[in-house]
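>>> Sequence unavailable; structure follows:
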């Protein structure tokens, strides 16, 4: 899938602990965190990557671009 066909995250939903549990895409779709991880690995969402954290779990993060405003934690809440 080329970059023009990839979805982009425009907003996030967090749980009571402040953890991201859902992501809203520019396509209007809302996906849960695990689905978003799979979509990133399938190259269906741009500007994100999946990594293994110190807790040995897989996590999502924005690609480093020096702009903190587009980090997942800084996106609008929906």
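In hand now; what should we look at? None of the values given here were measured: they were computed from a predicted structure. Numbers count the residues shown, from 1 in each chain.

>>> What segments of the protein are strands?
For the chain, the strands defined by DSSP state E occupy 9-14, 20-25, 30-32, 48-52, 58-62.

>>> how far out from the middle of the chain is stretch 32-43?
8 Å (C-alpha atoms, centre = their mean, to the nearest Å).

>>> buried ones in it?
33, 36, 37, 39, 40 (16 or more other C-beta atoms under 10 Å). Backbone N, C-alpha and C define where each C-beta goes, glycine included.

>>> got CSV for these, with distance to residue 67 too?
Shown next, in CSV, are the buried residues of stretch 32-43 (distance: C-beta to C-beta, whole Å):
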residue, distance to residue 67
33, 22
36, 20
37, 22
39, 22
40, 19
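
>>> Identify, from these, the entry nearest to residue 48.
Within the buried residues of stretch 32-43, the smallest distance to residue 48 is 4.8 Å, found for residue 40 (C-beta to C-beta).

>>> Relative to residue 72, how far out is the closest residue to that closest one other than its chain neighbours?
Nearest residue to residue 40 in three dimensions, chain neighbours excluded: residue 48, at 4.8 Å (C-beta to C-beta, 6 or more residues apart in numbering). According to C-beta to C-beta, to the nearest Å, residue 48 and residue 72 sit 8 Å apart.

>>> between those two, who's got more neighbours?
Taking neighbours as other C-beta atoms under 10 Å, residue 48 and residue 72 compare with residue 48 leading, 20 against 17.

>>> so how far is residue 16 from the more buried one?
From residue 48 over to residue 16 (counting by C-beta to C-beta), the distance is 24 Å.

>>> Could you measure from the nearest residue to residue 22 once chain neighbours are set aside over to residue 65?
Counting by C-beta to C-beta, 6+ apart, residue 13 is the residue found nearest to residue 22 once chain neighbours are left out, at 4.0 Å. Separation of residue 13 from residue 65 (C-beta to C-beta): 23 Å.
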